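Student: After the sequence you'll find the predicted model.
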Amino acid sequence: MKKAFALFLVLSLLLCSTCTAFAVNEDVEGELVIYTSMYPEIIDMMNAAIAAEFPNLTPGIDGSFFFYSGTSKLITKIYGEMGEKRDQALGCDMFMVAEPAFSLEMKDYGYLHSFEVENADTRLRFPYDTEGFWYPVRVCNMVLAYNPEMTDAWAAKGITIPRSFKDFAYDSSLKGYISMGDPMTSGTSYAAVSALLDKYGEEYLDKLGANSVMRESGSTAIAKLQSGECAAIMILEESILKYLHDEEEKGNPVTNLEVIYPEDGVILIPSTVMIVAEEFSKNVNTEAAEAVAQWLLSDDGQKMILRGYMHSVLAGMEEIPYHSVDTNELIKKDMGIDWVKAYKNREEINNLWTLKVTQ
């Protein structure tokens, strides 16, 4: 039912669009496979949109253009396909993964195809590769969340809901009552840990470990927040917004779940789109991949990103995701991530996490 509704919504939007005519890319042909870490429900919506915009382009994975997995798992899969010498072809033609540090790595390996986005310097409000090997395409936002209906109950136990990432780790009263994603499997969680290490040093991981932070999926963390097993969680904003929207659509508006935009800064993760170099791509179809990448960075493509509860990368885009806040205001509060360090120090950061948090 959800897939049918998503298809109906996408087709309606495209038919009503004044910016791009329906199916204007009829000359784009061949097969295409995109490795992505976007949520499956969002993939369904994007699949329908791409099929409508590129009617003669063939999905390369069981009727889908996308192969889904978590970023860290996708990276492991890609390493395996590349082979020990990093010289083998991959099973895809494009990447849309959550962690930009991987873009730097794949560029270094020579696995990416360069393409130009017109007026990128003024069109995009997030950094991009000036040589054209990767561009931001969707913005994930790491935040905190809590259950406003439980605030008094937690206060009675001597627990104050944290309003900052620092308090989330440093407030010892929260021990055993906090949850987040695992950076060993989640690219966005890895990005968040990288940012927090830069801001607070290794002590931040010591404090997370001392507070017995749970490492769980977003859905599990949300359930524990609502049941009172957790006082606060570190989670992607899109997970909360999607849940709120889905429940409202069912006629069950949610009052026991709310986003906290941390006082010490949000962590914006401008996830990138990359095209695999022709000699390493599955379908040797960089022309089609370029067309899809350009569409993703168009107004229509970005509106699909917004409907996926993520923020747009376009400088002129005033629309925001459902129930979110102004993107430009978030940019002002962005903690920032050193993506070169996140790439170069991946093993060191993972080892620190294992040593200080999971053991």
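Tutor: It's in. Numbers count the residues shown, from 1 in each chain.

Student: so A89 is in which element?
Tutor: Taking DSSP states H and E as the definition, A89 sits outside all helices and strands.

Student: surely it meets E278?
Tutor: No: using Cβ atoms under 8 Å as the test, A89 is too far from E278 to be in contact (10.0 Å). For every residue, glycine as well, the C-beta is placed using N, CA and C.

Student: where are the low-confidence patches of the stretch 151-300 of the chain?
Tutor: Nowhere does the stretch 151-300 of the chain drop to pLDDT under 70.

Student: now the strands for it?
Tutor: Counting by DSSP state E, counting those that start in this stretch, the stretch 151-300 of the chain has strands at residues 178-180, 214-215, 232-236, 258-260, 267-276.

Student: quick one: which of these is nearest Q294?
Tutor: Q294 lies closest to strand 267-276 among the strands of the stretch 151-300 of the chain, at 9.8 Å (Cβ to Cβ).

Student: Tabulate the CA atom coordinates of the closest one in CSV.
Tutor: Output of strand 267-276 as CSV, limited to C-alpha atoms (Å, rounded to 0.1, in the frame of the first residue of the first chain):
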residue,chain,number,x,y,z
ILE,A,267,25.8,17.7,12.8
LEU,A,268,24.9,18.1,9.1
ILE,A,269,26.0,15.3,6.8
PRO,A,270,25.9,16.3,3.1
SER,A,271,25.7,12.9,1.5
THR,A,272,27.1,12.8,-2.0
VAL,A,273,26.3,11.4,-5.4
MET,A,274,29.2,9.8,-7.3
ILE,A,275,29.5,8.2,-10.7
VAL,A,276,31.7,5.2,-11.1
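
Student: what's the closest of the strands of the stretch 151-300 of the chain to Y309?
Tutor: Minimum separation from Y309 across the strands of the stretch 151-300 of the chain (Cβ to Cβ) falls at strand 232-236, 8.7 Å.

Student: list the helices and strands that closest one packs on?
Tutor: Judged by 3 or more Cβ pairs under 8 Å, 6 or more residues apart in numbering; DSSP states H and E, strand 232-236 is in contact with strand 135-146, helix 165-170, strand 178-180, helix 187-200, helix 218-227.

Student: can you put those in JSON lines and add mean neighbour count and distance to N25?
Tutor: JSON lines is the format used below for the helices and strands packed on strand 232-236 (neighbours: other Cβ atoms under 10 Å; distance: least, Cβ to Cβ, whole Å):
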{"stretch": "strand 135-146", "mean neighbour count": "24", "distance to N25": "17"}
{"stretch": "helix 165-170", "mean neighbour count": "22", "distance to N25": "42"}
{"stretch": "strand 178-180", "mean neighbour count": "24", "distance to N25": "40"}
{"stretch": "helix 187-200", "mean neighbour count": "23", "distance to N25": "30"}
{"stretch": "helix 218-227", "mean neighbour count": "18", "distance to N25": "34"}
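
Student: Please tabulate those in JSON lines and include distance to E249 as additional columns.
Tutor: Output for the helices and strands packed on strand 232-236, formatted as JSON lines (distance: least, Cβ to Cβ, whole Å):
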{"stretch": "strand 135-146", "distance to E249": "20"}
{"stretch": "helix 165-170", "distance to E249": "30"}
{"stretch": "strand 178-180", "distance to E249": "26"}
{"stretch": "helix 187-200", "distance to E249": "25"}
{"stretch": "helix 218-227", "distance to E249": "17"}
